[in-house]
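Colleague: compute the structure for the input listed below.
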Amino acid sequence: MKPKNIVLLGCTGSIGVSTQKVAADLPDQVRIVGMASRENVDGMEQAIRQFKPLAVGMTNCDKAEELKQRVAGKIPVLAGERGLVELATMPEADIVLVAIVGTAGLEPALAAIRAGKDLAVASKEILVMAGELVMSEARKHGVKVLPVDSEHSAIFQCLEGRNRHDVKRLILTASGGPFRQTPRERFAKITVAQALKHPSWNMGQKITIDSATLFNKGLEMIEARWLFDIEVDRVDVVIHPQSVVHSMVEFRDGSILAQLSVPDMRYPIQYALTWPRRSPNSLPPTDLAKIGSLTFENPDREKFPSLRLAQEAGRAGGTMPAVFNAANEVAVARFVDGKIGFPQIFETVEKVMRAHHKGGAAGASWVASPTLDVILKADLWARKEADNVS
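Modeller: Coordinates of the predicted model:
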């Protein structure tokens, strides 16, 4: 069987590097034909030497020029956001994995779908901001949207071959982050360094802080709502500090199915890229006897209002999830920059969501079934609003 041709957007971030490892581990099944980075020229040059793609891109145009000089015409180097779209629609590609943080992945993701490519989603923003639009386009063009997040991959695997009408609820697991046992009254003294110490996973700065606030679970609740076509009120969260059970599905007869593995992103990445096949690999095995015990507890929703806010955004739909996401991004950046304290991340998101109402300035109005342009305007409005929250 011929290998799947992959376009990897965001190839030098944590997910991108893990994807490169999967491709190197399965050279007969996964071939990277296109890749893009924002500005990591050294990482891109190394990846070009290893995988020999047909074309590459840099969203930073100055860095694209630098890479062009280094490769000396041996490979096409595309530049800017248009370059991402060109890569996402390469005729040779079978599947496009989008691992770009922020809104930059939205347009290439939609372009890939409209070009008939399957989409592997690692960027939460794609489904949080534009889940209704993305899934509608995927159905229209007959392509598959495959989850890369470990939680959604677990649910995807548990649901395969089963009747969706039998599902009672989806149960996302969360490590609980570094502040699971920290009293709320101590949140004001939390430092950035403390928030970046994740107990289970090695991830980028933004997602690590989102894990500390549980905003990552809130975003995943909204993602799951669109990926699996289920109301957000039937998406639940349970704390599981060992991060071995990646998520579960409860069926209406009371049975629960779970997917387990050691916490390593290469597992869900491989499954998305090789689906529907399962392939042997060099990944570490899951030794349950060595792990010893698996524990679960309910999240403290008073201490972590991110879950309540996510449910509200998911119920409202339309432009509200984009506002929820954008406000959180800005709040996290302001926390990292020392402009606000840890508790103000929650407060900022709630204030911006409350301000997102019908009427008012461009982007401030809630829209039920937004186009991509309307979504991006709401995102921009929310970022400005969040930056002005005192």
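Colleague: name the helix or strand for the spatially closest residue to Val249 that is not a sequence neighbour, please.
Modeller: Once flanking residues are discounted, Val249 sits nearest to Cys158: 4.2 Å by CB to CB, 6 or more residues apart in numbering. All C-beta spots, glycine's among them, are computed from the backbone N, C-alpha and C. Using DSSP states H and E, the element containing Cys158 is helix 150-159.
Colleague: show me what that helix is packed against.
Modeller: Contact analysis of helix 150-159 by 3 or more CB pairs under 8 Å, 6 or more residues apart in numbering; DSSP states H and E lists strand 145-147, strand 167-174, helix 215-227, strand 245-251, strand 256-260, helix 266-274 as its packing neighbours.
Colleague: show the model's pLDDT score for Pro299.
Modeller: Pro299 is assigned a pLDDT of 97 by the prediction.
Colleague: that one in helix, strand or coil?
Modeller: For Pro299, the assignment made with DSSP: H, G, I helix; E, B strand; the rest coil gives coil.
Colleague: again, but for Gln311
Modeller: Counting by three-state DSSP, the backbone at Gln311 sits in helix.
Colleague: what's the neighbour count on the closest residue to it other than its chain neighbours?
Modeller: Take Gln311 and drop its neighbours on the chain: the residue closest to it by CB to CB, 6+ apart is Val232, 5.7 Å away. Residues lying near Val232 (other CB atoms under 10 Å) number 21.
Colleague: what do you get for Ala111?
Modeller: Ala111 has 17 nearby residues by other CB under 10 Å.
Colleague: element containing it, please.
Modeller: Using DSSP H and E, the element containing Ala111 is helix 106-114.
Colleague: low-confidence stretches in the stretch 51-200 of the chain?
Modeller: Applying pLDDT under 70 to the stretch 51-200 of the chain flags residues 198-200.
Colleague: which stretches of it form strands?
Modeller: Assigned by DSSP state E, counting those that start in this stretch, the strands in the stretch 51-200 of the chain fall at 55-58, 77-79, 95-98, 118-121, 145-147, 167-174.
Colleague: any chance of the ones you listed in JSON lines, plus distance to Gly131?
Modeller: Below are these laid out as JSON lines (distance: least, CB to CB, whole Å):
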{"stretch": "strand 55-58", "distance to Gly131": "25"}
{"stretch": "strand 77-79", "distance to Gly131": "28"}
{"stretch": "strand 95-98", "distance to Gly131": "14"}
{"stretch": "strand 118-121", "distance to Gly131": "10"}
{"stretch": "strand 145-147", "distance to Gly131": "10"}
{"stretch": "strand 167-174", "distance to Gly131": "14"}
